[in-house]
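> coordinates only, sequence not included:
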C-alpha cells in the first residue's frame, strides 16, 4: 500500500489552492473547479470542494472543522520561509523553533484553520533521516 495524497475539504477551493501555491511555490493541477492537486516529489496535497463529499459519503467530512491533522512540508530554510510568509500568513501559531527531535519548525494555520508545519532538519540525526 502506498500513500498517494492527503485531501483537504473546503468551501472555497480557489482560495485554499492560492494559499498553498504561495506557501509551497508549487502550481496546482486542476481537474475541475471542485478539485485540484499540488504535486511534490514526495506526495500530493489534494484540495476538494465540499460538493465532492457527497460523491463519497454525504456529510462524512466538513470544511474548516479539523483539529487533529497537521499538513507538513520539508523545506531547505524554515527561517527564510517564515520571512517570505510574514505579511501573507495571518495566523502564525509558533515562530520557528527547534524541536527536541531535531527539526526547526514553523507552525501556522491555512485560511480554513488547518494547521501547517513547515520544517527544516537541523540536527545530524534529523538531517540523516530526511536525506534525499
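The structure has been received and is ready for your questions. Because the structure is a prediction, the values reported are computed rather than measured. Numbers count the residues shown, from 1 in each chain.

> C-alpha from now on. contacts and neighbour counts both.
Fine.

> and the strands in the protein?
For the chain, applying DSSP state E gives strands covering 5-10, 29-32, 35-39, 44-49, 70-74, 92-98, 103-109, 115-121.

> and the gap between the residue nearest the centre of the chain and residue 47?
In the chain, the centroid-proximal residue (C-alpha atoms, centre = their mean) is residue 71; its distance is 4.0 Å. For residue 71, the distance to residue 47 equals 12 Å [C-alpha to C-alpha, to the nearest Å].

> flag the helix or strand of the chain with the lowest per-element mean pLDDT.
None of the helices or strands of the chain scores lower by mean pLDDT, DSSP states H and E than helix 50-56, at a mean of 89.

> buried sites along it?
Neighbour counts using 16 or more other C-alpha atoms under 10 Å place residue 50 of helix 50-56 among the buried residues.

> what are the contacting residues of it?
9, 10, 11, 34, 59, 60, 61, 62, 63 (C-alpha atoms under 8 Å, 6 or more residues apart in numbering).

> since we're on the second one, how many residues are nearby?
If I follow you right, that is residue 10. Neighbours of residue 10 under the rule other C-alpha atoms under 10 Å: 24.

> I figured it was touching residue 61, is that so?
No: with contact defined as C-alpha atoms under 8 Å, residue 10 does not count as touching residue 61 (9.4 Å).

> in stretch 78-95, what's buried?
Quick answer for stretch 78-95 (16+ other C-alpha under 10 Å): 78, 79, 81, 82, 89, 92.

> wait, I meant stretch 42-49
Buried, per 16+ other C-alpha under 10 Å, within stretch 42-49: 44, 45, 46, 47, 48, 49.

> what about the protein, any weak spots by pLDDT?
132 (pLDDT under 70).

> packing partners for whichever helix in it runs longest?
Identified as the longest helix of the chain according to DSSP state H is helix 13-24. Here helix 13-24 touches strand 35-39, strand 44-49, going by 3 or more C-alpha pairs under 8 Å, 6 or more residues apart in numbering; DSSP states H and E.

> what packs against the shortest one?
Contact here means 3+ C-alpha pairs under 8 Å, 6+ apart; on that basis strand 35-39 packs against helix 13-24, strand 29-32, strand 44-49.
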